[in-house]
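Novice: Got a sequence here, can you build the structure:
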Amino acid sequence: MFRRHPEEFYREIAAALQTARSARSFLPHFPKLLRSHFPSSRCLLYYKEAEGNVFRPYGDNDGQKEPPFIREEADLIESFTGRTEIMLDAEQTRIYFDLFNRDSEDLFAERGFNLVIPLHARNYFRGLLLAKVDARDGKEIRALADAARTAATMFIPLIEAEQVELDNDKNYYRLFKFDRLVLLGQMAASLAHELRTPLTTVLFEIAAIKSQLGNEPAITAAYEKINREVGRANRMIESLLVFSKFKDLNLTSVNLQEFVEGTLREIPAKKIPAAVTIRVQAEKEIRAASDGDRLKQVFINVLFNALEALAGQKSGSITIRIYSEYKELPRNARHIIAVSDDGPGIPDAIKDRVLEPFFTTKKDGTGLGLYISYSIMKTLKGDLEIQSSQQGTRVNLILPAR
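Specialist: This next block holds a predicted model:
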């Protein structure tokens, strides 16, 4: 039964939703609020991820290992997609709990969950609450179930509305169609070829002039400045030439988790600040037909952008999530490497320019990193999506599953 008045529980839910950074960020707090109001010894929430066909766990681990993600086709999820009634572990339901336990990595056996509460709102089935309760106390079970389901009608619509808004904005930054990018690349490459010779001539002539004029401080400073700026122009040219000289694709079967972890190991430790943590999350073994070298070029560029976004912060984190998702039908599946940082996000004033060639906010940048990365993903029959807010930036590297 309620330890406090039910109205107080709902007020706490409403207050937590109002102060949360986003409706989805409220989810880890939901099991804790339930436990503070009910004599349940353990609660765990599974909620449908925004991307990918999986349900993510939220709740207190009680010092145990992290609960697993559960796929949408698992028995535990499919059993409650169209069911609104709760299920208590009893003699007549034991077979179901055995099935749930088998496809959720012994979750029920290890943690003693004996109650499953499906969470619906406005025809959305979005989650399950797993709880450990005293099976003899029917009033307690009914009170817990009613409170959980009522609370779900408060936060599920908010999360769904939030997701609709994100989906509508998902393509906001993808300003250039691939055919336009190719045309711009061809034009830029032609200019690059024409500029290399005169720039090389400038460097030789400046060096000759300096050797004749001596080492006066003003002359040396001017020479170094010219040399530095010409070098910057040359780096831009090299980037464009590499982009314009793509060879045939070398497609192989790439294990995406091994690819990400292997690439991270190749990055010198000094390139990653001590205050930044990088986590890799993979739902399962996912393989994609891709060109590993070109994919690595894109991944490293996106990762370094995330590291630069965290520069100046006392601490920060980057999460690299590897998963598959499909829209409507499994045959429409796509594989995704999502790189997310918790930096300040992309300022509104430049959001519509991030894919523009030569646009950069970096002192020594060329403004070609994302432009070329987006183009590479297109040659791989994939895509690159950018989502950004004040809570951070997420870049999805999307590869076709077929």
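Novice: Contacts only, for the nearest residue to residue 105 once chain neighbours are set aside.
Specialist: Using C-beta to C-beta, 6 or more residues apart in numbering and skipping the chain neighbours, the partner closest in space to residue 105 is residue 68 (4.6 Å). Backbone N, C-alpha and C define where each C-beta goes, glycine included. The contact partners of residue 68, by C-beta atoms under 8 Å, 6 or more residues apart in numbering, come to 57, 104, 105, 107.
Novice: Shouldn't the first one be within a strand?
Specialist: Read it as residue 57. Yes. Assessed with DSSP: H, G, I helix; E, B strand; the rest coil, residue 57 lies in a strand.
Novice: Let me see the ranges of the helices in this protein.
Specialist: 6-19, 30-37, 75-78, 94-102, 107-111, 138-169, 178-213, 217-244, 256-266, 292-309, 369-379 (DSSP state H).
Novice: Could you export these as JSON lines, including distance to residue 286?
Specialist: Listed next are these as JSON lines, based on distance: least, C-beta to C-beta, whole Å:
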{"stretch": "helix 6-19", "distance to residue 286": "34"}
{"stretch": "helix 30-37", "distance to residue 286": "29"}
{"stretch": "helix 75-78", "distance to residue 286": "19"}
{"stretch": "helix 94-102", "distance to residue 286": "23"}
{"stretch": "helix 107-111", "distance to residue 286": "22"}
{"stretch": "helix 138-169", "distance to residue 286": "23"}
{"stretch": "helix 178-213", "distance to residue 286": "25"}
{"stretch": "helix 217-244", "distance to residue 286": "28"}
{"stretch": "helix 256-266", "distance to residue 286": "5"}
{"stretch": "helix 292-309", "distance to residue 286": "13"}
{"stretch": "helix 369-379", "distance to residue 286": "17"}
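Novice: Could you single out the most deeply buried of the ones you listed?
Specialist: Among the helices of the chain, helix 369-379 has the highest mean neighbour count (mean count of other C-beta atoms under 10 Å), at a mean of 21.
Novice: can you tell me how far residue 389 sits from residue 338?
Specialist: Look at residue 389 and residue 338: by C-beta to C-beta, to the nearest Å, they are 15 Å apart.
Novice: If you count surrounding residues, which of these two has more?
Specialist: More crowded of residue 389 and residue 338, by other C-beta atoms under 10 Å: residue 338, with 20 against 15.
Novice: re the thing from before, which pLDDT value goes with the residue nearest to residue 105?
Specialist: With respect to pLDDT, residue 68 scores 89.
Novice: same deal with residue 169?
Specialist: Reported pLDDT for residue 169: 58.
Novice: List the contacts of residue 345.
Specialist: Residues in contact with residue 345, defined by C-beta under 8 Å, 6+ apart, are 309, 388, 389, 390, 391, 392, 393.
Novice: what do you get for residue 66?
Specialist: Residues in contact with residue 66 (C-beta under 8 Å, 6+ apart) are residue 57.
Novice: cutoff 10 Å now
Specialist: 57, 281 (C-beta atoms under 10 Å, 6 or more residues apart in numbering).
Novice: From residue 199, how far out is the residue nearest to residue 52 when sequence neighbours are not counted?
Specialist: Once flanking residues are discounted, residue 52 sits nearest to residue 323: 3.9 Å by C-beta to C-beta, 6+ apart. Distance of residue 323 to residue 199, computed by C-beta to C-beta: 45 Å.
Novice: What residues of stretch 72-92 count as buried?
Specialist: Residues of stretch 72-92 classed as buried by neighbour count (16 or more other C-beta atoms under 10 Å): 74, 75, 76, 77, 79, 80, 86, 87, 88, 89.
Novice: Now the first one, what are its backbone angles?
Specialist: Meaning residue 74. Main-chain dihedrals, residue 74, degrees, to the nearest 10: phi -70, psi 150.
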